[in-house]
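Student: need coordinates for the following:
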Amino acid sequence: MPDRTLPLLVTHSGKFHCDEVFAYAVLRLALGLREPASHRLARTRDPAIISSAAIAWDVGGRYDEAANRFDHHQRGAPSRSDGMPFSSAGLVWRRYGEHAVRVVLPAGATQDLAAVIAAKIDTTVVRRIDELDNGMAPEVDTLGLASLIADFNPSWDAPGGDEAADAAFLEAVDLAEHVLRRRVESLRASLAAEALLLAAHAAASDPRILVLDQGMPWKTAVFAHHLPVAFAIYPASNGNWMVDSMPPEEGSFEQRIPLPASWAGLSEAELVGVSGVADAVFTHLRRFVGAARTRAGAISMAQKAIELSGN
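Tutor: All right, here's what the predicted structure looks like:
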């Protein structure tokens with residue numbers, strides 16, 4: 001029997017959707033909740049049960065953040081500043097998102113970092129859930145989070161009734177929580193890489209050549225900060241140093257400055273002879289990437305490529 005002294009959390013019964021599933025994942029993280037030791041979860045539309053809840057979302061016809069009521073179906077439900085209606089996920093995220101992010105971040109992470117990551121997730125993930133739940137998304141991605149969560153609903157002819165549906169709901173919440181945790185970590189790593197990249201670029205003798213002490217994502221930050229980078233130099237796991245070219249725009253397979261055509265597809269001694277770089281290893285046939293055995297060699301390849309391009 002459930003412990004009636006534990007706080008009661010309530011969302012609606014029946015078919016579940018991405019918004020209430022994601023909202024519950026956020027609440028579990030932000031408040032340190034785990035079933036069944038810390039609280040009771042009820043999926044119901046019974047007004048008496050809803051009114052007795054410590055937290056209720058996506059049900060109850062009421063939005064009151066101070067009272068932990070996060071429904072969005074009623075008249076007068078809140079919208080974003082641009083008029084986009086919130087879903088229950090958006091409302092819960094607005095109240096608890098930063099808390100959830102802070103739980104996932106490593107110890108010692110700053111409050112500012114949690115706020116930045118929470119804002120990015122709101123823009124890229126939570127808003128999308130709002131759009132989908134309110135029928136305002138231009139298209140539905142069949143491999144997106146909302147579609148994957150929808151697949152957790154028991155099929156129409158599955159046995160087990162409400163108990164099976166409740167178990168499936170929790171499985172979907174586990175998926176949403178894992179996705180959220182990974183997104184937080186991905187953004188943390190991306191922001192850390194961006195800080196290192198900007199410091200390396202500020203210290204560069206040639207702003208067109210970005211030299212990094214380790215491999216990390218770099219192209220997005222170069223675009224974001226409008227840096228004039230043509231090549232990034234960084235160590236590979238096999239001990240070589242990569243010469244990675246920068247595309248002119250995101251998603252492009254072209255290069256701002258390709259490696260020289262005379263180097264294309266060459267390797268080892270043949271490439272050394274043509275390039276004049278003593279430890280050159282290879283240049284890809286499509287000229288977007290090459291490598292040398294040393295940092296100095298990779299920088300030399302980038303410098304020669306720029307000189308030969310006339311830039």
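Student: what are the structural domain limits within the protein?
Tutor: The chain breaks down by automatic domain parsing into domains covering 8-192, 204-309.
Student: wait, which of the ones you listed is closest to residue 198?
Tutor: Comparing these against residue 198 with C-beta to C-beta, the closest turns out to be domain 204-309 (6.8 Å). Every residue, glycine included, has its C-beta placed from N, CA and C.
Student: kindly reformat the domains of the chain as TSV containing mean neighbour count and mean pLDDT.
Tutor: Shown next, in TSV, are the domains of the chain (neighbours: other C-beta atoms under 10 Å; pLDDT from 0 to 100):
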stretch	mean neighbour count	mean pLDDT
domain 8-192	17	95
domain 204-309	17	97
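Student: show residues contacting the helix or strand residue 303 falls within.
Tutor: Assigned by DSSP states H and E, residue 303 belongs to helix 295-309. Residues from elsewhere that reach helix 295-309 (C-beta atoms under 8 Å, 6 or more residues apart in numbering): 206, 208-209, 211, 230-231, 233, 235, 241-243, 257-260, 275-280, 290-292.
Student: please redo it, this time with the cut-off set to 7 Å
Tutor: With contacts defined as C-beta atoms under 7 Å, 6 or more residues apart in numbering, helix 295-309 is touched by 208-209, 211, 230-231, 233, 241-243, 257, 259-260, 275-280, 290-292.
Student: so how far is residue 130 from the nearest residue to residue 207 once chain neighbours are set aside?
Tutor: Closest residue to residue 207 apart from its sequence neighbours, by C-beta to C-beta, 6 or more residues apart in numbering: residue 228 at 5.2 Å. According to C-beta to C-beta, to the nearest Å, residue 228 and residue 130 sit 38 Å apart.
Student: equivalent analysis for residue 82, please.
Tutor: With C-beta to C-beta as the criterion, residue 82 and residue 130 are 11 Å apart.
Student: do the same with residue 4
Tutor: Counting by C-beta to C-beta, the separation of residue 4 from residue 130 is 34 Å.
Student: check residue 70 too.
Tutor: Residue 70 is 13 Å from residue 130, by C-beta to C-beta.
Student: likewise for residue 57?
Tutor: 13 Å.
Student: could you dump the domains of the chain into CSV with distance to residue 198 added?
Tutor: Listed next are the domains of the chain as CSV, based on distance: least, C-beta to C-beta, whole Å:
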stretch, distance to residue 198
domain 8-192, 11
domain 204-309, 7
